[in-house]
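J.: Everything below, folded, please.
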Amino acid sequence: MEVKILSENANPLLKRKEVVFQVEHNQTGSTPPRLEVRNAIAKILKTDVNLVFIKKLETKTGTRKSVGLGKCL
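T.: Numbers count the residues shown, from 1 in each chain. Model prediction:
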C-alpha cells in the first residue's frame, strides 16, 4: 500500500489541515481498511494517529487506486 498526498490545505478558522490523498493497493487488491490508511497518513504528516480522521475513502471502479479526504487537527 502506497499513500501519496495530492493536496494539503490549512484551515486556520478550524485549526486543522485538510488533505486529499491517493492510495495504491496493488498487493491486496481490495480497498485497505481505514485504520491502515489513517496510520500511514499520520506517519507522513508526522502527527499523532488520534488526531487524523478519514472523511472519505473511495475506490475508482476497475482500478486499484483509492482517493480520499482526511482531516488532521
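
J.: which stretches of the chain form strands?
T.: For the chain, the strands defined by DSSP state E cover 2-11, 16-24, 52-59, 65-72.

J.: looking at those strands, which is closest to residue 33?
T.: strand 52-59 (9.4 Å; Cβ to Cβ). (Glycine included, C-beta is placed from N, CA and C.)

J.: What residues sit buried inside the closest one?
T.: For strand 52-59, burial by neighbour count (16 or more other Cβ atoms under 10 Å) applies to 52, 54, 57, 59.

J.: And for stretch 25-40?
T.: For stretch 25-40, using 16+ other Cβ under 10 Å, the buried residues are 25, 31, 32, 37, 38, 40.

J.: In helices, which of the residues you listed fall?
T.: With DSSP state H as the criterion, helices contain 37, 38, 40 from among the buried residues of stretch 25-40.

J.: closest to residue 69 among those residues?
T.: Comparing those against residue 69 with Cβ to Cβ places residue 37 closest, at 11.2 Å.

J.: how about the closest one, what does it touch?
T.: 1, 3, 21, 23, 54, 57, 68 (Cβ atoms under 8 Å, 6 or more residues apart in numbering).
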